[in-house]
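Visitor: After the sequence you'll find the predicted model.
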Amino acid sequence: MSAEAPRHFIQQIIEEHNAEQAWGVWNEHDAGPTDAPGPLGQAARQRLGKPRVHTRFPPEPNGYLHVGHCKSICLNYGLARLHGGKFNLRFDDTNPAKEEAEYVEAIMRDVRWLGAEFDPALGPFGGGLFFASDYFDTMYAYAEELVRKGKAYVCELSADEVSQRRGTPKQPATSPFRDRPAEESLRLLREMRDGRHSEGAMTLRAKIDLASPNFNLRDPVLYRIVHAHHHNTGDKWHIYPMYDWAHGFEDSIEHITHSLCTLEFENHRPLYNWFIDAVNDGRTADGSGPWGKKIWHSRQIEFAKLIPSYTLLSKRNLLRMVKENMVESWDDPRMPTVSGIRRRGYTPEAIWAFCEDIGVTKFDSVIDVTRLENACRDHLNKIAPRRMAVLNPLRVIIENYPEDRIEHFDVPNNPEDPSAGVRQVPFSREILIERDDFMEDPPKKFFRLSPGNEVRLRCAYWIRCERVIKDENGNITELRCTYDPDTRGGESPPPGPDGAIRKVKATLHWVDAARALPATVRLYDRLFTTEEPGKTTGNPFDDLNPEALRVLADARVEPSLAGITPDEPRWADGIRRFQFERHGYFCIDVPSWRADTRPFAQGALIFNRTVTLKDSWSKAGKS
RNA sequence: UGGGGAUUGGUGUAACGGUAGCACGACUGACUCUGGAUCAGUUAGUCAAGGUUCGAAUCCUUGAUCCCCAGCCA
């Protein structure tokens, strides 16, 4: 988030808080290692005495992260970084029935890949890695405290009964256990804790307001009985806290200043505050008195989640796509998961630019996915090395070029960045061009190769098509061309005797037929054909795009792709990305399950198309 | 039906009682050894109706539309 980033409403709230030092300032105890060398120490020293801004990203480890989460990560980490504060990664692992350790590793990797380093030993804004389950003891103590304060009770209604007694907007809910004596609730709560009751037998409920128009306040459940193995606490607990009960304390314990969440939690904010206030009721600032010291009270702020067009983001639907083989895996490059878009070739920088571009508001807007694609083109255009690749080859014989001759031409690695230098690309009598770059019977504005027409081969020569060779079925198998030696390197030839200047309107990419490397190229497109999948039929999978993946198994790429060349950027994630000239951006496929990201066997090259170049020719309808 | 939110060009987002701006897209043109990139220009907007005010996207009233909420999910 740059300094000139627009001041969205959360920014404004934070600035107001900072102005009045609502959260105090960082001190020598929590600023970090001020004596550490490098950026870590520097960040800690700069933090000292500044208003506290401490954010967190609190995923539940029950699935993979997707672009929607990126918005939240960028927001939270970006705010911490902008204000020189801290950022925590915290797993909200309060439901062992749905969560798995496997996801913890994947989520950490995804968050780090985005550049939101949470480890204070590795990143200047790292606040730490935390687990809600590490706070279970404290949360439980608070629960007993509420019971003793008469603010919570054990309710023996079944889930169905609670649901039936929920009431209506006008009719209040009921529970016969509401006025149970505190001692009895306390005894039952301890029995619940000790595993002496079966699942569903009873719950601990807060005594708030059975008639509230906000149903969240109709005596919400704090603890339910779950006899399940927890990935972190093992079999220690038989009761697990509900989200509403747990979340505010997680923020409180970590001294989070701004607890950012999505709009659907707006109705939960009164609860969030009620729980903290209930614990603080009777507590004092200095800890004197029977209940001890007041606890930290974070501020919950809600923002609209990301809804990209042509995309499905709900965990349920993503899971279904994997389970029902609509895609190959969680990291299938068609998936909107972080692992999917990473494998697709998107860069963290592009995702950051996108998230900053779309802003932060409380309005549920659908964001055009082309914005994400544009952000990616933008970034890759600046840094991706250019290469030539022929996806769908057509043989060209240059009849007047000597059979035994091979030339090497210098081709710029990146016209956007002259310092990237040039590489040498071999050329000989027999080359391959793109089938789409030739038309026997071209429409008016087709500038590429056609019978009698002349074009430039990128950085090589100008050629003219003399003859078209076909097989018995009339399919074009080969082109016979001639080249002009005066155009060596692709330069314009000298003017004719009459001063006339010859021009070509097109430059084609090409590869040397004998020396090009075979490759498989996977062309990815959006997974759905409609902006809001399922909007018309109700079933999003009716709108699946059958052409979201096209595999070209017979592509040919220039030989420099056989190894890593000096002009390639040092990609932090090890994923090697290129621009195939006139096609788009591609990366060498690296499935996230493969540990070695660098080596690959020659002849087994697989490229994933990240995003196409803009193409005004195809857009013109090829008319 | 009760409660909680929201509504500014095609899309996204600014303005905080004082000239409705920016970005993306689209369209024109220039340039180009990528029909890419770059550069220049054009396009188009305050949900509606009243009211307050010298002046309203902004404040008030009424209405419309959309989203969220009746899990022992988060």
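Guide: Arrived safely, thanks for sending. Numbering: from 1, shown residues only, chains lettered A, B, ... in the order given.

Visitor: List the contacts of the helix-or-strand element of chain A with minimal mean pLDDT.
Guide: Every helix and strand of chain A was ranked by mean pLDDT, DSSP states H and E. The lowest is helix A:616-619, at a mean of 85. Taking contacts as C-beta atoms under 8 Å, 6 or more residues apart in numbering, no residue outside helix A:616-619 touches it. Quick note: C-beta positions are derived from backbone N, CA and C, even for glycine.

Visitor: list the contacts for the closest residue to RNA strand B within chain A?
Guide: Of all residues in chain A, residue A:490 sits closest to RNA strand B, at 2.3 Å by C-beta to the nearest atom of the strand. Residue A:490 sits next to A:409, A:456-462, A:507 when contact means C-beta under 8 Å, 6+ apart.

Visitor: can we see that at 6 Å?
Guide: If you count contacts by C-beta atoms under 6 Å, 6 or more residues apart in numbering, residue A:490 has them with A:456, A:459-460.

Visitor: Please identify the residues of the stretch 201-350 of chain A in proximity to RNA strand B?
Guide: Residues of the stretch 201-350 of chain A lying close to RNA strand B (C-beta under 7 Å from any atom of the strand) are A:202-203, A:213-216, A:220-221, A:224-226, A:240-244, A:246-247, A:263-268, A:304.

Visitor: hmm, back to that, and the residue of chain A closest to RNA strand B, how close does it get to residue A:389?
Guide: 18 Å (C-beta to C-beta, to the nearest Å).

Visitor: Ok, residue A:223 next?
Guide: Taking C-beta to C-beta, one finds residue A:223 at 59 Å from residue A:389.

Visitor: Can you get me a residue count around the closest residue to residue A:436 other than its chain neighbours?
Guide: Excluding its sequence neighbours, the residue lying closest to residue A:436 (C-beta to C-beta, 6 or more residues apart in numbering) is residue A:392, at 6.8 Å. Applying other C-beta atoms under 10 Å, we find 15 other residues in the vicinity of residue A:392.

Visitor: Would you agree residue A:392 is in contact with residue A:432?
Guide: No: counting by C-beta atoms under 6 Å, residue A:392 stays clear of residue A:432, with 9.5 Å between them.

Visitor: Please, where are all the helices along the stretch 151-300 of chain A?
Guide: A:159-164, A:182-193, A:243-253, A:269-280 (DSSP state H, counting those that start in this stretch).

Visitor: With chain A instead?
Guide: For chain A, the helices defined by DSSP state H cover A:9-19, A:38-47, A:67-82, A:101-113, A:136-148, A:159-164, A:182-193, A:243-253, A:269-280, A:315-323, A:338-344, A:348-358, A:370-383, A:616-619.

Visitor: which other residues reach the fifth one?
Guide: Spelled out, that is helix A:136-148. Under C-beta under 6 Å, 6+ apart, the answer for helix A:136-148 is A:152, A:182, A:185-186, A:222, A:241, A:246, A:249, A:278-279.

Visitor: Pull out the buried positions in that helix.
Guide: Burial within helix A:136-148, assessed by neighbour count using 16 or more other C-beta atoms under 10 Å, is assigned to A:136, A:139-140, A:142-147.

Visitor: where in chain A is pLDDT low?
Guide: A:1-6, A:592-603, A:621-623 (pLDDT under 70).

Visitor: Write a PyMOL command that selects only the buried members of the residues of the stretch 201-350 of chain A next to RNA strand B.
Guide: Per 16+ other C-beta under 10 Å, the buried members of those correspond to this PyMOL selection:
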select buried, chain A and resi 202+203+216+220+221+224+225+226+240+241+242+243+244+246+247+265+268+304
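
Visitor: In strands, which of the residues of the stretch 201-350 of chain A next to RNA strand B appear?
Guide: A:203, A:221, A:224-225, A:240-241 (DSSP state E).

Visitor: what's across from residue A:508 in the sheet?
Guide: Per DSSP bridges, residues listed as beta-bridge partners of residue A:508: residue A:457.

Visitor: Surely it touches residue A:455?
Guide: Yes: with contacts counted by C-beta under 6 Å, residue A:508 reaches residue A:455, the gap being 5.5 Å.

Visitor: Near RNA strand B, which residues of the stretch 351-500 of chain A? Just list them.
Guide: A:357-368, A:370-371, A:374, A:377-378, A:381, A:386, A:414-416, A:445-448, A:456, A:458-459, A:489-491.

Visitor: Buried members of those into PyMOL, please.
Guide: Selection of buried members from those for PyMOL, criterion 16+ other C-beta under 10 Å:
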select buried, chain A and resi 358+359+360+367+374+377+386+414+446+448+456+458+459+490
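
Visitor: Skipping adjacent residues, who's closest to residue A:355 in space?
Guide: Nearest to residue A:355 is residue A:74, by C-beta to C-beta, 6+ apart, at 3.9 Å.

Visitor: State the distance from the one you found to residue A:9.
Guide: Counting by C-beta to C-beta, the gap from residue A:74 to residue A:9 is 16 Å.

Visitor: So which of the helices of chain A is nearest residue A:519?
Guide: Closest to residue A:519 of those, according to C-beta to C-beta: helix A:338-344, at 16.8 Å.

Visitor: For that closest one, list the C-alpha coordinates in CSV.
Guide: What follows is helix A:338-344, C-alpha atoms only, in CSV (Å, rounded to 0.1, in the frame of the first residue of the first chain):
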residue,chain,number,x,y,z
VAL,A,338,-3.9,-19.0,-4.3
SER,A,339,-2.1,-22.3,-5.2
GLY,A,340,-4.0,-22.3,-8.5
ILE,A,341,-3.2,-18.8,-9.6
ARG,A,342,0.4,-19.2,-8.5
ARG,A,343,0.7,-22.3,-10.7
ARG,A,344,-1.0,-20.4,-13.4
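
Visitor: List the neighbours of that helix that are in contact with it.
Guide: Against helix A:338-344 from outside (C-beta under 6 Å, 6+ apart): A:65, A:110, A:330-333, A:592, A:608, A:610.

Visitor: From those, pick the one nearest residue A:476.
Guide: Closest to residue A:476, out of all of the contacts of helix A:338-344 and judged by C-beta to C-beta, is residue A:608, at 28.9 Å.

Visitor: What's the separation between that closest one and residue A:572?
Guide: Taken as C-beta to C-beta, the span from residue A:608 to residue A:572 is 18 Å.
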